[in-house]
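**Q** Turn this into a structure:
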Amino acid sequence: MERILIKNARLVNEGTVFEGDLLVEGAYIAQIGRDLSKATARVIDAGGNYLLPGLIDDQVHFREPGLTHKGTIGTESRAAVAGGITSYIEQPNTVPNAVTQERLAEKYAIAAASSFANYGFMMGGTNDNLEEILKTDLRTVPGLKLFLGSSTGNMLVDDEQVLERIFRSTPLLISTHCEDEATIRRNLEQYKEQYGDDIPVSAHPLIRSAEACYLSSSKAIELAKKTGARLHIFHVSTGIETELFRNDIPLAEKKITAEVCLHHLWFSDADYATKGNFIKWNPAVKTAADREAIWQAVLDDRIDVFATDHAPHTLEEKANPYLQAPSGGPLVQHALVAWFETHFDGKISLEKIVQKACHNPALLFQIDKRGFLREGYFADLVLVDPNAAWTVDRSNLLYKCGWSPFEGQRFRASVTHTLVNGQVVYENGTVRPERAAQRLAFDR
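**A** Okay, the predicted model is just below:
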C-alpha cells in the first residue's frame, strides 16, 4: 500500500484553516493531525501552502463522443487535474446525446479507459425518453439534465406536459439549463431586423436576456414546488434570479438549489469589447450589477455551488461572426486559481471557496466519501502555493482547443500537487501518465 505524508500544510476544511499534516494510505485519508510521521511514507513538504479537498465540478462538457475535435474526456480531465479539479459531472449533449442507458454506458466506458479525474455522467432528458430516464440507477448516475432553453446539442425540452411528467416521475436530482426560448427568439428577430447578419457580440446578453433567464428559472422552480421534485438550477447569470433561492435552511434540507459558474462572477458585458466571442456563453455574461448581485448571493448562501460549465470550441469556430460562433469556453485548468484571485482581492474567504467548490457539490449530489478532508474519505487533494505567480499563455494551456479566455491574466497562486484517490497525478507543472480515477458513487 502506497503511503504519502503531506507535512506542514494549511488545511482548509469545513469552515476552518489550520496547520497540520495529512497521511494518505492507499486511496484514502488515513490520519489528519500535527507532527505525524510514517517511516514508509513518501513525504511531501507543503511548506505552509494550502491543502484543500479536490474540487468537484458539477457541470462540464468534455465533448466525447462525437465532438472530439474540440476536446476529449482524456484531454479535458487532464487539464482539470492540473487545475485541482479531481471529480467532475459531465453533461449529456454530446453526439449522440446521452439520452438512453446504452449511450450513457458508452460514455462511462470511455472515461474508465481515459479519464484522469473521477467521473460521473448526467442522463439527458428529451420530450420522448421518460422510459429511459426511469431506468437510471440512482447510486451510479449523478442526476438528470434538462435543457429548458436550447443550447449546444439542441436537447430542448419544450413540451410542458412532458416536463411535468418528468418532474413528477423521477427521484433523480434534476439539473436545468434555464432560458426562455420564446423570449430569445423574439429578441433575436429584433436584432436581425436592426443588424441583419452582422449582429455585434455585445448584443448577446440582450438577446439571451435577463428576462429570458428569469422566466425559465422561476417556471422551473414553480414546477418543482408543485411536484416535489429535487431541482438544481445551473449557471445562474442574473441578479434577479438570485431572489428565487433560500438561505434560511441548511443545504441538506433544500429541495431547490443553485449553481454559479466562474465566468458569470469574473466577466461582465463590458468585456465583450475586448474578448468578443471568447466570452460568449449560454446563458450570457451580463452586467456588472448582475455580477455583484450574484456575488452577494454566493456570500449569503442563496447560491450553493461553484462550477465551470467548461465547454471548449476550436479557435476556428470561435472566429466566426457572432451568429455562427458557438457558445462556451474552456475553464477547468484555471478555475481554482481564479477563485484564489478573488480571495486575494477580498471578495471571499478560502473557507467559503472550499464550501462552494468542494463540500457543497458533494452534499448536493450525495457523492460518496468525497469533497472533504476527513479520515476515511478518498484522498482527493490539491496543494496550492499562494505565492507562485504565473501568467496564462498558449504555451501553458492543456486544453485541446488551445485557447483560454484568461490568456494574459496573471494569477498569484499556483496548483503544485493534485492527488486523485491517493495517487499524485499532477506535480509542479507536470501531469503524470498514471491514472487513478474512479466512477463516482452516490450515497442514495
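**Q** so where do the strands sit in the stretch 151-300 of the chain?
**A** All strands of the stretch 151-300 of the chain, identified by DSSP state E, counting those that start in this stretch, fall at 174-177, 231-233, 256-261.
**Q** Then the stretch 1-150 of the chain?
**A** Ranges of strands within the stretch 1-150 of the chain are 3-13, 16-25, 28-33, 42-45, 50-53, 55-60, 85-90, 118-121, 123-124, 144-147, based on DSSP E, counting those that start in this stretch.
**Q** I'd like those as JSON lines, with mean neighbour count and mean pLDDT appended.
**A** C-beta: built from backbone N, CA, C; applies to glycine. Shown next, in JSON lines, are the strands of the stretch 1-150 of the chain (neighbours: other C-beta atoms under 10 Å; pLDDT from 0 to 100):
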{"stretch": "strand 3-13", "mean neighbour count": "21", "mean pLDDT": "98"}
{"stretch": "strand 16-25", "mean neighbour count": "18", "mean pLDDT": "98"}
{"stretch": "strand 28-33", "mean neighbour count": "17", "mean pLDDT": "98"}
{"stretch": "strand 42-45", "mean neighbour count": "15", "mean pLDDT": "98"}
{"stretch": "strand 50-53", "mean neighbour count": "25", "mean pLDDT": "99"}
{"stretch": "strand 55-60", "mean neighbour count": "29", "mean pLDDT": "98"}
{"stretch": "strand 85-90", "mean neighbour count": "30", "mean pLDDT": "99"}
{"stretch": "strand 118-121", "mean neighbour count": "26", "mean pLDDT": "98"}
{"stretch": "strand 123-124", "mean neighbour count": "26", "mean pLDDT": "98"}
{"stretch": "strand 144-147", "mean neighbour count": "26", "mean pLDDT": "96"}
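**Q** want to try a markdown table for the ones you listed, with distance to residue 378 as columns?
**A** As requested, those are exported to a markdown table (distance: least, C-beta to C-beta, whole Å):
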| stretch | distance to residue 378 |
| --- | --- |
| strand 3-13 | 13 |
| strand 16-25 | 10 |
| strand 28-33 | 6 |
| strand 42-45 | 17 |
| strand 50-53 | 9 |
| strand 55-60 | 11 |
| strand 85-90 | 9 |
| strand 118-121 | 8 |
| strand 123-124 | 24 |
| strand 144-147 | 25 |
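**Q** Now do the helices in the stretch 301-444 of the chain.
**A** Here the stretch 301-444 of the chain has its helices, by DSSP state H, counting those that start in this stretch, at 315-318, 335-344, 350-354, 360-365.
**Q** just the angle between the longest one and strand 85-90, please?
**A** If I follow you right, that is helix 335-344. 110 degrees (axes from the mean of the first three to the mean of the last three C-alpha atoms, to 10 degrees).
**Q** So which bits of helix 335-344 are buried?
**A** Residues 335, 336, 337, 338, 339, 340, 341, 342, 343 are the ones in helix 335-344 that count as buried (16 or more other C-beta atoms under 10 Å).
**Q** for stretch 183-202, same thing?
**A** Buried residues in stretch 183-202, defined by neighbour count with 16+ other C-beta under 10 Å: 183, 184, 187, 188, 191, 199, 201.
**Q** Stretch 297-307 too?
**A** Here stretch 297-307 shows 297, 298, 301, 302, 303, 304, 305, 306, 307 as buried, counting by 16+ other C-beta under 10 Å.
**Q** hang on, isn't the fourth one packed against residue 247?
**A** Yes. With contacts defined as C-beta atoms under 8 Å, residue 302 counts as touching residue 247 at a distance of 4.7 Å.
**Q** Now, the buried residues of stretch 297-307 that are in strands?
**A** 305, 306, 307 (DSSP state E).
**Q** Check the contact between the second one and residue 354; I expect there is one.
**A** No. Taking contacts as C-beta under 8 Å, residue 306 lies outside contact range of residue 354: 9.7 Å.
**Q** follow-up on the earlier one: can I get the buried residues of stretch 297-307 in JSON lines including distance to residue 396?
**A** Shown next, in JSON lines, are those (distance: C-beta to C-beta, whole Å):
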{"residue": "297", "distance to residue 396": "33"}
{"residue": "298", "distance to residue 396": "28"}
{"residue": "301", "distance to residue 396": "35"}
{"residue": "302", "distance to residue 396": "36"}
{"residue": "303", "distance to residue 396": "31"}
{"residue": "304", "distance to residue 396": "32"}
{"residue": "305", "distance to residue 396": "28"}
{"residue": "306", "distance to residue 396": "23"}
{"residue": "307", "distance to residue 396": "23"}
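**Q** nearest to residue 382, of those?
**A** residue 306 (14.0 Å; C-beta to C-beta).
**Q** any idea how far the closest one is from residue 24?
**A** Distance of residue 306 to residue 24, given as C-beta to C-beta, to the nearest Å: 25 Å.
**Q** Likewise for residue 33?
**A** 13 Å.
**Q** Residue 253 too?
**A** 33 Å.
**Q** Show the pLDDT at residue 434.
**A** Note on residue 434: pLDDT of 89.
**Q** tell me the contacts of it?
**A** Each residue near residue 434 by C-beta atoms under 8 Å, 6 or more residues apart in numbering is listed here: 423, 425.
**Q** Same check on residue 309?
**A** Under the criterion of C-beta under 8 Å, 6+ apart, the neighbours of residue 309 are 59, 60, 61, 234, 235, 261, 263, 281, 328, 331.
**Q** Return a ChimeraX selection command for the buried portion of the residues you listed.
**A** To isolate the buried members of these in ChimeraX, using 16+ other C-beta under 10 Å:
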select :59,60,61,234,235,261,263,281,328,331
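**Q** can you tell me which of the contacts of residue 309 lies nearest to residue 88?
**A** Comparing these against residue 88 with C-beta to C-beta picks out residue 60 as the nearest, at 4.8 Å.
**Q** How about the contacts made by that closest one?
**A** Residue 60 neighbours (C-beta under 8 Å, 6+ apart): 76, 80, 88, 89, 90, 91, 307, 308, 309, 310, 311, 332.
**Q** can you tell me how far it sits from residue 147?
**A** 16 Å.
**Q** and if you look at residue 97?
**A** In terms of C-beta to C-beta, residue 97 sits 10 Å off from residue 147.
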